[in-house]
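Asker: Next input, structure requested:
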Amino acid sequence: KWVDFIMKERPTQPHTSEVVIATVDTKSVDLYGRWPWPRSRFAEMVRSLNEYYEGSTIGFDITFSEPEHNSAQTILEQTRQEFVTMNLGTGAKQQKYLRYLEEKGRAMDGDSQFGQALKEKPSTVLGYFFFANAANLEHLADSEKIASAERISGSEVSLVQGVIPPWAIPRGASVESNIQKVYEGGVYSGFFNMRPDPEDGTVRRVYLLMGYEDNIYPSLDLQILRHYLHADSIQVNAQQGFGISSIKVGEKVIQTNFDGSIMLNYKGGSETFKHYSIYDINERTIPKEELRDKIVLVGVTEVGIFDLRTTPVEVAYPGVEVHATLLDNMLTDSYFHLTDLNDLFTLLLILGLGLVLGIALPNLQNIYGTVLALVLMAGYVFIHRWMVMELLTWTSMIYVSLVILGTWASITLYRFLITDRDKRFIRGAFQQYLSPQVINQLMEDPDLLKLGGERREMTAFFSDVQGFSTISEQLEPEE
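Answerer: Sure thing, here's the model as predicted:
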């Protein structure tokens, strides 16, 4: 939560301009009509990005898992079937009419149009997602489940160095992939599942790998990076009994956590990365240089169909912009690095600060001990923030802070209840009878308070003031 606070309160951080977002926004929905749109809209967008804007890579944070429902196309197909059933002959006119119906049917087939637009230039990475529970697809026949799984074949990771333990990465129980007509047009495909932290539902990390059946599959973002960098493959490096150490995409090495995840370094709030309305893209009103050679992520930001995520920087953050953040982090190597060394440094801080305070506080007055604890606390807060901002890593804020505050509180409380209790008793009992110097000696060494006194060889010196009687007789009683 402290790191969340740092990311939220800091100004927008430098970030790559290579990632932009094509959005299904309010403007597009108002002008094109209600969602979902005909697939021909996306075909038009893909052609605009490829031909006019000369974009580099298009990534879809959308799955086209169901055929498009077009009532006109359905009626046309029923008309064709009825014509065939009527058996009106096989003459030239009849065949011409059937071809006419088929051509009109293809013209109305948005899925075919979209798939054809994807095939025209190998620039598109498609997205799909895994279900954690196989029960989500119980309504489908086994043949449909098998066909859906086959439509992600070829996207699995083919090169793994070492052995990935089964517990290291999350696993999918079933998959929802793109329909065949769309799937055939994509260059690569990858999953876009997000797994928020279970404690509070906040998306702080993204998993780059997931297991399904006997294979390991890369995320949409890894596949987009692979296409953008013109990399031949994705290589996963693992250590026996430890987990994943790194993922290599071409020459780019990504240092992941042991479970193949990356801790996201959010560079700002929503629209940190430029948004462009799909309507404006299709109308080609955006300057070419805004989209040329860019990674263009396609996602939904319209209010009624918003893909919202809770993140450290905003409660309602566009899901597609989480992918943009991850791509930025990987391209600029600006993601957070957390390893076992962080835990070791935290342990050393706990032991070191506990030892320093444990020795110093009992020998300091309460006021000075409190100042020391506050200085250490403020100093660690400053250093921790510097680590997050500059080193992109951190040691524990909570445990180290608890050591400082807990040690100070426990020693202070012990002194108040036990050690200082005797001193308060001595001061209260003897302050009317003894000089402050003697009381201080007794508080430092209470053993001096014992019956029978102490036998010493001492010298007593008696003296008188000359003429004291005469002097006193000349003074008033008050004087």
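Asker: Which residue lies nearest the spatial centre of this structure?
Answerer: Arg204 (1.9 Å; CA atoms, centre = their mean).
Asker: My guess is that residue contacts Asn265. True?
Answerer: No - look at Arg204 against Asn265 with CB atoms under 8 Å: they stay out of range, at 10.1 Å. Just so you know, the C-beta spots here come from the backbone N, C-alpha and C atoms, and that holds for glycine as well.
Asker: Tell me, what's the model's pLDDT at the residue nearest to the centre of the chain?
Answerer: pLDDT, Arg204: 95.
Asker: OK, contacts around it?
Answerer: Listed by CB atoms under 8 Å, 6 or more residues apart in numbering, the contact set of Arg204 reads Asp4, Pro196, Asp197, Met263, Leu264, Thr311, Pro312.
Asker: How about Ala149?
Answerer: Per CB under 8 Å, 6+ apart, neighbours of Ala149: Val175, Ser177, Tyr212, Glu213.
Asker: Gln180 now?
Answerer: Applying CB under 8 Å, 6+ apart, the residues contacting Gln180 are Ala147, Arg151.
Asker: State the distance from the residue lying closest to Gln161 once chain neighbours are set aside to Arg309.
Answerer: Closest residue in space to Gln161, ignoring its immediate chain neighbours: Asn237 at 4.9 Å, by CB to CB, 6 or more residues apart in numbering. Remark: distance between Asn237 and Arg309 (CB to CB, to the nearest Å) = 29 Å.
Asker: Looking at those two, which is more packed in?
Answerer: Per other CB atoms under 10 Å, whichever of Asn237 and Arg309 has more neighbours is Arg309, with 19 against 16.
Asker: gap between that one and His337?
Answerer: 23 Å.
Asker: Over to Ala132?
Answerer: 28 Å.
Asker: quick one, helices of the stretch 301-450 of the chain?
Answerer: 319-332, 340-360, 366-386, 397-414, 420-430, 436-444 (DSSP state H, counting those that start in this stretch).
Asker: for the ones you listed, which one ends up most surrounded?
Answerer: helix 319-332 (a mean of 23; mean count of other CB atoms under 10 Å).
Asker: which SS state does the residue at the greatest distance from the centre of the chain fall under?
Answerer: The C-alpha centroid of the chain is most remote from Thr470, which lies 93.8 Å away (CA atoms, centre = their mean). At Thr470 the chain is in helix, as set by DSSP: H, G, I helix; E, B strand; the rest coil.
Asker: What pLDDT is listed against it?
Answerer: Each residue has a pLDDT score; the one for Thr470 is 91.
Asker: What's the local residue count around Val20?
Answerer: Val20: 20 neighbours (other CB under 10 Å).
Asker: I figured it was touching Arg292, is that so?
Answerer: No - the criterion here is CB under 8 Å, and Val20 misses it with Arg292 at 10.5 Å.
Asker: what stretches of the stretch 251-400 of the chain score poorly on pLDDT?
Answerer: 306 (pLDDT under 70).
Asker: circling back: now the contacts of Arg204: which count as buried?
Answerer: Among the contacts of Arg204, the ones that count as buried by 16 or more other CB atoms under 10 Å are Met263, Leu264, Thr311, Pro312.
Asker: and the closest residue to Trp35 other than its chain neighbours, what does it touch?
Answerer: Excluding the flanking residues, the one nearest Trp35 by CB to CB, 6+ apart is Ile305, at 5.3 Å. Listed by CB under 8 Å, 6+ apart, the contact set of Ile305 reads Val24, Val29, Trp35.
Asker: just checking, the second one touches Glu302?
Answerer: Yes - the pair formed by Val29 and Glu302 meets the contact definition of CB under 8 Å, at 5.0 Å.
Asker: Same drill for these two, tell me which one is more crowded.
Answerer: Val29 (20 against 16).
Asker: just to confirm, which helix or strand has that one in it?
Answerer: Using DSSP states H and E, Val29 sits in helix 26-32.
Asker: Report the mean per-residue pLDDT for that helix.
Answerer: pLDDT averaged over helix 26-32 gives 90.
Asker: Now do the helix or strand following that helix: everything it contacts.
Answerer: Next in sequence after helix 26-32, counting helices and strands by DSSP H and E, comes helix 39-47. Among residues not part of helix 39-47, those counted as contacts by CB under 8 Å, 6+ apart are 22, 32, 58, 64, 68, 110-111, 113-114, 116-118, 120, 124, 182, 278, 281-282, 298.
Asker: Inside helices: which ones of these?
Answerer: Using DSSP state H, the subset of the contacts of helix 39-47 located in helices is 32, 110-111, 113-114, 116-118, 120, 182, 278, 281-282.
Asker: tell me the pLDDT at Gly250?
Answerer: On the pLDDT scale, Gly250 gets 90.
Asker: doesn't Arg226 make contact with it?
Answerer: Yes - between Gly250 and Arg226 there is a contact under CB under 8 Å: 7.2 Å.
Asker: Neighbour count: the two, which is higher?
Answerer: More crowded of Gly250 and Arg226, by other CB under 10 Å: Arg226, with 22 against 15.
Asker: Quick one: residues contacting Val203.
Answerer: Met194, Pro196, Asp197, Leu264, Arg309, Thr310, Thr311, Tyr317, Val322.
Asker: Tell me the secondary structure at it.
Answerer: Val203 ends up coil, using three-state DSSP.
Asker: measure it to Phe273 for me?
Answerer: For Val203, the distance to Phe273 - CB to CB - is 16 Å.
Asker: And stretch 336-348, how far out from the chain middle?
Answerer: Its chain's C-alpha centre and that of stretch 336-348 lie 18 Å apart, by CA atoms, centre = their mean, to the nearest Å.
Asker: now what about it, what contacts it?
Answerer: 255, 257, 262-265, 388, 392-396, 399-400.
Asker: Would you mind measuring from the closest residue to Pro122 other than its chain neighbours to Pro196?
Answerer: Excluding the flanking residues, the one nearest Pro122 by CB to CB, 6+ apart is Val187, at 4.6 Å. According to CB to CB, Val187 and Pro196 sit 30 Å apart.
Asker: again with Leu225
Answerer: 23 Å.
Asker: How about Thr412?
Answerer: Counting by CB to CB, the gap from Thr412 to Pro196 is 40 Å.
Asker: ditto for Gly59
Answerer: The value you get for Gly59 to Pro196, if CB to CB is used, is 21 Å.
Asker: One more: Ser143?
Answerer: 34 Å.
Asker: cool, and Arg385?
Answerer: Where Pro196 is concerned, Arg385 sits at a distance of 25 Å (CB to CB).
Asker: ok, now Lys27?
Answerer: On the measure of CB to CB, Lys27 and Pro196 end up 29 Å apart.
Asker: which outside residues touch the helix holding Val29?
Answerer: Trp35, Arg41, Ser277, Ile278, Tyr279, Asp280, Glu302, Val303, Gly304, Ile305.
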